[in-house]
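Student: let's see this in three dimensions:
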Amino acid sequence: MELNESILTSVKKLLGIDESYTHFDPDLIMHINSVLSILTQIGIGPDNGFSISGADETWSDFVRTDANRFSFVKSYTHLKVKLLFDPPLSSAAIESINRQISEFEWRLSVAAEKEEKL
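Tutor: The predicted model follows:
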């Protein structure tokens, strides 16, 4: 997991989409930007918001040098985009993903609150 990895490329890999296959890129970019907006509202990422337009933007552009949150942010983004783009058919699988998402949201908001106090 590299902070300098492309956000779009890494989400595509996590979803099982080959990096060179660009047919779904507009849909994925839209969903990724929605998730990044949610993270900004939680208090993660640049204060003025952040969005991607392609494969040029990296995780370090969004989380800067905060390697401690990087794994949470990447996992959260993957799960949210998966539910938006390609949700599982099983309601049990959806519920499991939603529980993971809720935990990530809680942990990220706690981390953001701690940072505000410093």
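
Student: burial count for the residue nearest to Leu84 when sequence neighbours are not counted?
Tutor: The shortest distance from Leu84 to any non-neighbouring residue, by Cβ to Cβ, 6 or more residues apart in numbering, is to His31 (4.4 Å). Using the backbone N, CA and C atoms, a C-beta is placed for each residue, glycine as well. By other Cβ atoms under 10 Å, 20 other residues sit near His31.

Student: next one: Pro26
Tutor: With other Cβ under 10 Å as criterion, Pro26 counts 10.

Student: mind checking how far it is from Ser53?
Tutor: Pro26 is 10 Å from Ser53, where distance means Cβ to Cβ, to the nearest Å.

Student: tell me which residue lies nearest the centroid of the chain.
Tutor: Central residue of the chain (Cα atoms, centre = their mean): Thr77, 2.0 Å from the mean position.

Student: so who does that one touch?
Tutor: Contacts for Thr77 (Cβ atoms under 8 Å, 6 or more residues apart in numbering) come out as 7, 11, 32, 35-36, 39.

Student: make it 7 Å
Tutor: 11, 32, 35 (Cβ atoms under 7 Å, 6 or more residues apart in numbering).

Student: which neighbouring elements make contact with the helix or strand where the last one lies?
Tutor: Val35 is part of helix 25-42 when elements are defined by DSSP states H and E. In this structure, helix 25-42 makes packing contacts with helix 7-14, helix 67-85, helix 91-117, judged by 3 or more Cβ pairs under 7 Å, 6 or more residues apart in numbering; DSSP states H and E.

Student: so of those helices, which one's packed in deepest?
Tutor: For the helices and strands packed on helix 25-42, average neighbour numbers computed from mean count of other Cβ atoms under 10 Å are highest in helix 7-14, which has a mean of 19.

Student: what angle separates it from helix 25-42?
Tutor: Computed by axes from the mean of the first three to the mean of the last three Cα atoms, to 10 degrees, the angle separating helix 7-14 from helix 25-42 equals 110 degrees.
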